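# Take this sequence and fold it.
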Amino acid sequence: MTVLQIAVVGAGLIGQVHIRTIYSNDGCCLQAIVDPAGNAAELAAAYQVPHFDSLQALLDSQRPDAVIIATPNALHVEQTRQCLSAGIPVLLEKPVATDHASGLVLAEEVQRTGVPVLVGHHRAHSDIMSRACETIASGQLGRLVSIMGSAQFYKPADYFEQAPWRSQAGGGPILINMIHEVHNLRMLMGEITHVQAMASREMRQFEVEDTVGITLRFASGALGTFLLSDTAASAASWELTSGENPAYPQQHDENCYWIAGTRGSLSVPTLTTRFHPAEQESSWWQRMTEAVPAREQIDPLSRQLAHFLQVVRGETVPRVSVEDGLANLRVVEAISLASTSARMIALDQQQIHP
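A predicted model of the protein is given here:
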């Protein structure tokens with residue numbers, strides 16, 4: 001099998017994770033690093049690969065088999081379109097764009113060129129998410145009633161000092177973090193039809209929000225609540241509970257999603273289920289059966305890269321398409337609008353393929 005040559009555009013936090021993931025996969029190798037920042041040249045030297053200040057400089061000099069784009073959100077559409085024009089497949093970090101309108105332009109370009117783009121919603125490749133979705137699909141929980149979700153953590157000052165765009169318009173935890181949660185919520189509960197939200201920037205006093213309370217209605221009729229904050233010293237978040245990213249200390253006994261149905265409930269990521277057996281009537285007077293399955297730690301980013309290599313080779317289609325990424329972005333935009341307008345926002349239903 002030919003070893004695919006992959007260039008990484010963006011040498012920040014997630015870009016460096018992608019670089020390390022490339023080195024752990026025998027089916028590909030790092031061809032180049034693209035980033036105008038000074039540390040990117042040092043990083044390229046350390047990995048003994050060429051360094052370019054811009055994507056165009058790379059494309060003028062070399063033709064990689066594929067490109068991973070991990071740059072600030074505002075650059076995603078322009079840089080992906082550059083790759084599409086050159087016929088080069090892309091793994092594009094979420095969000096696909098900073099707004100739905102520009103994302104639509106990108107989706108049209110993907111359709112016109114036929115060049116595949118995989119959106120980096122890596123939790124779609126999570127074993128935990130797959131097993132949670134299987135539990136729900138089995139009917140063990142009955143008809144879905146509700147979900148409570150949390151993404152609360154404390155980002156230190158250097159997170160914003162290293163990338164000031166994170167505290168400015170186009171950044172903020174709604175667009176940076178909540179878009180991951182939206183994808184998970186849609187995989188678990190189905191399409192989101194209405195949102196309400198209230199936001200605060202009281203703690204950090206940034207241009208963007210630091211804490212958001214969200215209410216959701218799903219197409220099934222189920223309801224949800226979600227708390228998002230990057231200034232709350234809490235372990236109730238995917239990063240700190242799932243153990244899928246070794247960079248974060250894992251809180252083994254904590255969950256971040258609590259799903260309830262008419263027959264039982266599911267806590268994620270521990271995958272603890274409590275349910276009334278089929279022969280038993282659902283009642284708060286009846287003790288529920290509890291099951292806590294053993295979990296295997298599998299890196300979803302490694303799985304995502306393996307899937308991307310299959311996409312590049314033409315063996316499969318992207319599991320998370322630009323259209324899927326746009327559906328997530330549309331919900332996130334609705335959350336932002338709801339938080340500033342004090343209105344309930346209705347969304348058209350869109351499809352997702354987890």
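
# Run through the stretch 51-200 of the chain and note the low-pLDDT ranges.
170 (pLDDT under 70).

# One more: the stretch 201-350 of the chain?
349-350.

# what residues does the lengthiest helix in the chain touch?
Longest helix in the chain by number of residues (criterion: DSSP state H): helix 322-341. By CB atoms under 8 Å, 6 or more residues apart in numbering, the list of residues contacting helix 322-341 from outside reads 92, 94-97, 99-100, 103-104, 106-107, 110, 117, 119, 121, 174-175, 178-179, 182-183, 186, 192, 195-199, 209, 212, 214, 343-345, 347, 350-353. C-betas here are computed from N, CA, C, even on glycine.

# Which helix or which strand is home to the closest residue in space to residue 124 that isn't next to it in sequence?
Spatially, and ignoring its direct neighbours in sequence, residue 124 is nearest to residue 320 (5.1 Å; CB to CB, 6 or more residues apart in numbering). Using DSSP states H and E, residue 320 sits within no helix or strand.

# Which residue ranges of this structure form helices?
Taking DSSP H as the test, the helices found in the chain are 13-23, 38-47, 55-61, 76-85, 100-113, 127-137, 157-162, 172-173, 179-189, 238-242, 300-312, 322-341.

# My read is that the residue nearest to residue 124 contacts residue 119, right?
Yes. Contact criterion CB atoms under 8 Å: residue 320 and residue 119 qualify, at 4.5 Å.

# Number of residues surrounding the nearest residue to residue 299 once chain neighbours are set aside?
Nearest residue to residue 299, sequence neighbours excluded (CB to CB, 6+ apart): residue 244, at 6.4 Å. Using other CB atoms under 10 Å, residue 244 is surrounded by 22 other residues.

# contacting residues around residue 244?
126, 128, 238, 297-300.

# May I see the ChimeraX selection of the buried members of those?
This is the ChimeraX syntax for the buried subset of those, where burial follows 16 or more other CB atoms under 10 Å:
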select :126,128,238,299,300
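
# Distance to residue 257 for the contacts of residue 244 - can I get that in CSV?
Listed next are the contacts of residue 244 as CSV, based on distance: CB to CB, whole Å:
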residue, distance to residue 257
126, 12
128, 10
238, 8
297, 18
298, 18
299, 20
300, 16
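
# now, which of the contacts of residue 244 sits nearest residue 14?
For the contacts of residue 244, the minimum distance to residue 14 (CB to CB) is 13.1 Å, reached by residue 300.

# who touches the nearest residue to residue 15 once chain neighbours are set aside in this structure?
Once flanking residues are discounted, residue 15 sits nearest to residue 70: 3.8 Å by CB to CB, 6+ apart. Residue 70 sits next to 8-10, 12, 14-15, 18, 93, 120 when contact means CB under 8 Å, 6+ apart.

# gap between the residue nearest to residue 106 when sequence neighbours are not counted and residue 110?
Distances taken as CB to CB, 6+ apart place residue 77 nearest to residue 106, at 4.9 Å, with adjacent residues excluded. Look at residue 77 and residue 110: by CB to CB, to the nearest Å, they are 11 Å apart.

# And residue 259, by the same measure?
Residue 259 is 33 Å from residue 110, by CB to CB.

# what about the two, which has more around it?
The neighbour comparison of residue 259 against residue 110 (other CB under 10 Å) goes to residue 259, with 26 against 21.

# what is the more buried one paired to in the beta sheet?
residue 147, residue 266 (DSSP bridges).

# ok, back up a step: from the contacts of residue 70, which single one is nearest residue 252?
residue 14 (24.7 Å).

# which residue packs closest to that closest one, ignoring adjacent ones?
residue 70 is the one closest to residue 14 (CB to CB, 6+ apart), at 4.7 Å.

# Can you read off the backbone torsions of the one you found?
Main-chain dihedrals, residue 70, degrees, to the nearest 10: phi -130, psi 50.

# show me what contacts residue 116?
89-90, 110, 311-312, 317-318.

# before we move on, the earlier item: show me the one of the helices of the chain that comes nearest residue 289.
Minimum separation from residue 289 across the helices of the chain (CB to CB) falls at helix 127-137, 13.5 Å.

# and that closest one, what other elements does it pack with?
helix 179-189, strand 257-261, strand 264-268 (3 or more CB pairs under 8 Å, 6 or more residues apart in numbering; DSSP states H and E).

# before we move on, the earlier item: quick one: residues contacting the residue nearest to residue 124.
118-121, 124, 183.

# Can you redo those as a markdown table, where the extra columns are distance to residue 59 and neighbour count?
Putting those into a markdown table (distance: CB to CB, whole Å; neighbours: other CB atoms under 10 Å) gives the following:
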| residue | distance to residue 59 | neighbour count |
| --- | --- | --- |
| 118 | 19 | 28 |
| 119 | 21 | 27 |
| 120 | 21 | 25 |
| 121 | 26 | 27 |
| 124 | 28 | 25 |
| 183 | 30 | 26 |
